[in-house]
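In: Let me see the structure of the following:
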Amino acid sequence: MILLCTGLAGIAQPTNSFFEFANAQAGRRYSQVPHQVLAFYYPWYGTPERHGHWVHWTKINPDRHDIGSARHYPVQGAYDSWDPAIVDWHIDLARTNGITGFIASWWGQRTFEDGALPVILERADKKDFKVSVYWETAPGKGSDQVGRAVNDLVYLLNRYGTNRAFLKVDGKPVIFVYGRVMGQIPLESWPAIITETRERAGDFLLIADGYEANYARLFDGVHTYNIAGAVAGKTATALRAFIAPEYSGDVHLARSRGRISCVTVIPGYDDTKVRKPGFTADRLGGLTYRVLWDEAIRANPDWILVTTWNEWHEGSEIEPSFEEGMKYISLTGEYAPRFRDSPPVAGSAPAGLTPESLRRLQHFYSGRTVGLLPGASEEVLFWLHCLGANVRELNWSDLPDPSRFNARDLPLVLYAGGEHYTGTVGTPGDVKQALVRYLGAGGFLVFLPNEPWPFYYDDSQKGRPDPITADFGLPVVMGPEQLAVRQTTFVINTNALPGFAVTAKASLAGDLRWRPCVPMQVPKGDFYLPLVQLRNAQGQFDGDAAVYLEHKTPPLAPGRVIYVWMRLPDALGVDAFFPSLFQFIATKVTWPE
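Out: As a prediction, the model looks like this:
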C-alpha cells in the first residue's frame, strides 16, 4: 500500500509548502478518542430588556405561542442568550440527558455571539460541561482573507481556548469549521492559515464540515452539519436503509486517515417560516430522530453531533417547545448514554512510501506546470498540490488558442471532469481539433473522469450525446450499467504501478457503470499497455480499467494518453492509487528544458 501524504520522520514542524504541510498533517492521527455527544448551539437571541431590541426573534406573540422567525415556540419563550439563568437551564438539561457539550455558533470578534461566549464558558466551567465554537464565516480574498482568518483563530484560542470548559483533545482546543468557511477559503490557503495560527497561539484541532477525502487529509477531523437533504421525503424504513451505509462510509473515511469521525443526527427540519418556499424534513413523530440515533451508534464514530439544540429558525431544535414538549430531550437521554458508555475505537496505523521515494516524487513535480481541463474534482486538485505542481486551470475557450494551449508549455494535461464538455467555442469542433493538435505535437493527456464516459455530452450542442474519446485514439466502450463488483478481480500491472499486489478484490457501492478500454479497438500500430485489468468470476477478461497509449501514426502521433475508469481509485484506494499513477506518469512525461 502506498500513501503519498503520510507523516515524514524528521519533520518537526509543518511549512507553508502544501506538500510538506499535508505530510505533517497525516502524522497527526487520533486513536481511542473519548466519546462525546455535542449539540450545535445558537447564542444569537436577544431581548429588549437586555439589548434594547429583539435579536433574531420577530413578531413575538406569547398568547398564541407564536414567533414569526421560529417554526416552534420555546417553553422558555423568546429568551436572551446572554442571560446566565437561561444558559444554566440549557446546560443542566443537556447534561442530564447525556449531552457532553455545545458547539456555539461564532461569527467573529466583537459580534453578538462573541459577547455571549464568556457567559457560556463561565457557566459550563461550573458544571463540568464542554464548549467548542462553530466558525461561521471567513470573508475576504487572498492574503487579506488568510490574515483575517488567522487573526480570528488566534483570538479564539488566546481568549477562550485556555478555559477549562473549552473542548480539548490531548490538551489541544477543538474548533469546528462550518461549510460556509470551507467554501470561502480555497484549499491551498489552509496550510498558511493553520501553520501561522499554531505559531502564534499554540497547537489546536480543526474539524471540517464535509466528508471529503481532501478534508480528511488536511484537517484533524470531519463532520457534517445539516443532513436534512438526506432525511427529507423518506419513510423510517427508507431512511434506515439509506443512512446506514452513509454513516459507515463517513466513519471509514475519517478513521482510515486517523481523523476524528463525527456522525450527525437531526430530529427534523422546517425553515418555511424564514425562507420561501423553504425546505422541510419530517420528524415523523420522533421516528426520524430514533432511526438516525440507532444507525449513528451502530456506525461507532468518535463523536455524535446533534443538529441542533436551538436553531429555532430552521426547526431543527431539540430544546423543549410548546408543540413538542420534552420529547426530543427525552429521546436524547435514551440514546446518548448508550453511545457514551461504549468503548472508544482504536485507530489504524498509516502505510506509506519511504521518505526517499516521497522526496523523489516531489522533486519531479515541484514547480512543474500541469494543465487542468474544466470540471476537475477536488481529489485530483489535492494531489497536484500535494506533489508541489503549479496548476494551470484551463477554460474551454483557452484550448483553440495555441498560445494558451500547447504541448511545450503544458506537456502534461489532466481531465478530471464528468461526461459533459464544450466542443465548440468559436468555429465548429474547435475544441476537439485543439486536443487532437495537442496530442499531435507530443502532448500527454490523462483522463481521470468522475463520471462514466468522459467527453460524451457536448454542451455547445445543448448537451446532445457526441462522444469524442475515439478521436483521441482512446478505445472506451460501453459495459454493463452496474458492474457486479463482488464477483470481479482487478489485475494490476505492478511493473507500471508499484506498491500493489497483483490482484485486488473490488469493494464498491454507488455508481458502478462500467466503461472500460479494449485493445481490439486501438488504432493499428499504437502502443497499448494495460495498467489495470478486470476479470470476472470465471477468470475471463472484462476490459481494462486503466491503460496507457502511445500514438504512432498521425494526426495523434507522438501523443500519449492515459485512461482510468472513474471508480478505480476508490476500488484500489485513492491514497494508494494516485501516487502510484503519478510515479508512472513521471517515467513517461518530458518537461521542456
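In: The closest residue to residue 404 other than its chain neighbours: neighbour count?
Out: Nearest residue to residue 404, sequence neighbours excluded (CB to CB, 6 or more residues apart in numbering): residue 398, at 4.4 Å. To be clear about C-beta, it is placed using only N, CA and C from the backbone, and glycine gets the same treatment. Other residues near residue 398 number 19, with proximity taken as other CB atoms under 10 Å.
In: what about the closest residue to residue 435 other than its chain neighbours, neighbour count?
Out: Leaving aside its sequence neighbours, residue 435 sits nearest to residue 472 (CB to CB, 6+ apart; 6.3 Å). Number of residues near residue 472 (other CB under 10 Å) recorded here: 22.
In: Repeat that for residue 363.
Out: Here the count is done by other CB under 10 Å, and residue 363 has 11 residues near it.
In: Could you check how far it is from residue 132?
Out: As for residue 363, its distance to residue 132 is 40 Å (criterion: CB to CB, to the nearest Å).
In: What of residue 153?
Out: Using CB to CB, we find residue 153 at a distance of 13 Å from residue 132.
In: Quick check: neighbours shared by those two?
Out: residue 175 (CB atoms under 8 Å, 6 or more residues apart in numbering).
In: Flag the shaky bits of the stretch 401-550 of the chain, pLDDT-wise.
Out: 485-486 (pLDDT under 70).
In: same thing but at 90, please
Out: For the stretch 401-550 of the chain, the stretches with pLDDT under 90 are 473, 478-489, 498-501, 504-512, 520-525, 535-542.
In: in it, which spans are strands?
Out: In the stretch 401-550 of the chain, the strands defined using DSSP state E, counting those that start in this stretch lie at 412-415, 420-421, 444-447, 457-458, 464-465, 489-492, 503-505, 527-535, 541-550.
In: The stretch 101-250 of the chain too?
Out: Assigned by DSSP E, counting those that start in this stretch, the stretch 101-250 of the chain shows strands spanning 101-106, 130-135, 168-169, 172-177, 205-209, 221-223.
In: These into JSON lines, with extra columns for mean pLDDT and distance to residue 303?
Out: Output for the strands of the stretch 101-250 of the chain, formatted as JSON lines (pLDDT from 0 to 100; distance: least, CB to CB, whole Å):
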{"stretch": "strand 101-106", "mean pLDDT": "98", "distance to residue 303": "9"}
{"stretch": "strand 130-135", "mean pLDDT": "98", "distance to residue 303": "10"}
{"stretch": "strand 168-169", "mean pLDDT": "98", "distance to residue 303": "10"}
{"stretch": "strand 172-177", "mean pLDDT": "98", "distance to residue 303": "10"}
{"stretch": "strand 205-209", "mean pLDDT": "98", "distance to residue 303": "9"}
{"stretch": "strand 221-223", "mean pLDDT": "97", "distance to residue 303": "8"}
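In: could I get those as a markdown table with mean neighbour count and distance to residue 230?
Out: Below are the strands of the stretch 101-250 of the chain laid out as a markdown table (neighbours: other CB atoms under 10 Å; distance: least, CB to CB, whole Å):
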| stretch | mean neighbour count | distance to residue 230 |
| --- | --- | --- |
| strand 101-106 | 26 | 20 |
| strand 130-135 | 24 | 20 |
| strand 168-169 | 18 | 27 |
| strand 172-177 | 23 | 19 |
| strand 205-209 | 24 | 15 |
| strand 221-223 | 27 | 14 |
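In: Tell me which residues are up against stretch 390-407.
Out: 367-374, 376, 381, 384-385, 410, 413, 421-422, 425-427, 430-431, 433-435, 437-438, 441-444, 559.
In: what comes up buried for it?
Out: Residues 391, 394, 396, 398, 399, 400, 404, 405, 406, 407 are the ones in stretch 390-407 that count as buried (16 or more other CB atoms under 10 Å).
In: which two of these lie the greatest distance from each other?
Out: Across the buried residues of stretch 390-407, the longest distance by CB to CB is 21.0 Å; it joins 391 and 400.
In: Quick check: nearest residue in space to residue 559, chain neighbours excluded?
Out: Nearest to residue 559 is residue 439, by CB to CB, 6+ apart, at 2.7 Å.
In: quick one: contacts for that neighbour?
Out: Contact analysis of residue 439 by CB under 8 Å, 6+ apart lists 445, 472, 473, 551, 555, 556, 559, 560, 561.
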